[in-house]
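Colleague: structure for the following, please:
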Amino acid sequence: MRYFWIIPFIACASLTFAAAPADEELPDSRVQEIIQKFAEKETEFAKVRQLYTYRQTSKLQEYNDDGSPGGKWEMISDVVFSGDGKRSEKVVRAPVGTLQRIQMDPGDEQDLRTTQPFVLTTADLPSYTINYLGREKIDEIGCYVFAIKPKKMENGKRYFLGQIWVDDRDLQIVKSFGRGTGLQKRGSDFQYPKFETYREQIDGKYWFPTYTIANDVLQFKEQSVRIRETVRYEDYKQFKAESTIKFEEEAPAKPPAPPAKKQ
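Modeller: Next up, the predicted model:
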């Protein structure tokens, strides 16, 4: 999965979020309990998603200064399982890109794989500062709203900086808004767009990412470039390995010997 547009590694630009309207004040102990519980559910989901195949369609459009469409980039890939059960990505369509004003980098590619379909597992919690903002409804779904930012960044790693909406019943992320971030080499000028990712419930239990959109202006040192990116995750299907187990047939039991006749 290759991300989209951009130019090099990433600047950790700040995002400012207004507190969501809160129906109730939650004590810190309750907030921490919710965080732990939804991280556990997200950990379950991360494992479950590894058992699904799906198609990912990523498109990026850049715009000229006059607002007209410029170059574009597209990739369609299928996440599949081989006959021996190994999971891999198969590129279905990847026409030659025509981007002129921006270019993709490894940070973009990693964002496509992990940052945009953001999952906050129990193992990830120590890497982030998480602040409770309040409660909000998303399409009539009651949600807890949290602001997320990395505590400390390591070279070569990508992080999520933004806001998440957690279903107050299923305790899973149903929407995220933010951008990918990471350490930037001195003197480099890499910019990454703000994006929104929406999830839908698949198979009646877990919430899977189904749509990401970014419509942003990248502020480089020498120029500003407007971009629009969309990512669709479709046709989720659970992979079920089929195996046949054969048992050796037991030999029929010998009939008991007739009792000895008395003389």
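Colleague: hey, let's count contacts and neighbours off CA atoms from now on
Modeller: OK.
Colleague: where in the stretch 101-250 of the chain is pLDDT low?
Modeller: 241-250 (pLDDT under 70).
Colleague: strands of that one, start to end?
Modeller: 128-138, 141-150, 159-167, 173-181, 195-202, 206-219, 224-238 (DSSP state E, counting those that start in this stretch).
Colleague: got the buried residues for the last one?
Modeller: Okay, so that is strand 224-238. V225, R226, I227, R228, E229, T230, V231, R232, Y233, E234, Y236 (16 or more other CA atoms under 10 Å).
Colleague: from the contact counts, what lies against that strand?
Modeller: Counting contacts by 3 or more CA pairs under 8 Å, 6 or more residues apart in numbering; DSSP states H and E, strand 224-238 packs against strand 52-63, strand 206-219.
Colleague: can I get those strands in a markdown table with mean neighbour count and distance to A39?
Modeller: Shown next, in a markdown table, are these (neighbours: other CA atoms under 10 Å; distance: least, CA to CA, whole Å):
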| stretch | mean neighbour count | distance to A39 |
| --- | --- | --- |
| strand 52-63 | 20 | 20 |
| strand 206-219 | 20 | 13 |
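Colleague: Q191: which of the ones you listed is closest?
Modeller: Smallest distance to Q191 across the helices and strands packed on strand 224-238 (CA to CA): 6.0 Å, for strand 206-219.
Colleague: relative to the closest one, what are the paired strands and their orientations?
Modeller: With DSSP bridges as the test, strand 206-219 is paired with strand 195-202 (antiparallel), strand 224-238 (antiparallel).
Colleague: neighbouring contacts of it?
Modeller: By CA atoms under 8 Å, 6 or more residues apart in numbering, the residues outside strand 206-219 that reach it are 45, 49, 116-117, 172-174, 191-202, 224-234.
Colleague: now swap in stretch 138-152 and tell me
Modeller: With CA under 8 Å, 6+ apart as the criterion, stretch 138-152 contacts 17, 20, 127-137, 159-169.
Colleague: CA atoms of it as CSV?
Modeller: The C-alpha trace of stretch 138-152 is given here as CSV (Å, rounded to 0.1, in the frame of the first residue of the first chain):
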residue,chain,number,x,y,z
ILE,A,138,-21.4,10.4,14.9
ASP,A,139,-24.4,9.3,12.8
GLU,A,140,-26.4,8.7,16.0
ILE,A,141,-23.5,6.7,17.5
GLY,A,142,-22.6,7.9,21.0
CYS,A,143,-18.8,8.4,21.2
TYR,A,144,-16.1,9.3,23.6
VAL,A,145,-13.7,11.8,22.0
PHE,A,146,-10.0,11.8,22.7
ALA,A,147,-7.0,14.0,21.5
ILE,A,148,-3.9,11.9,20.7
LYS,A,149,-0.3,13.0,20.3
PRO,A,150,3.0,11.1,20.5
LYS,A,151,5.0,11.5,23.7
LYS,A,152,8.4,10.9,22.1
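Colleague: buried residues, it. List them.
Modeller: C143, Y144, V145, F146, A147, I148, K149, P150.
Colleague: distance of the second one from E109?
Modeller: The one in question is Y144. Going from Y144 to E109 by CA to CA, to the nearest Å gives 30 Å.
Colleague: kindly report the same for the fifth one.
Modeller: Between A147 and E109 the distance, using CA to CA, works out to 24 Å.
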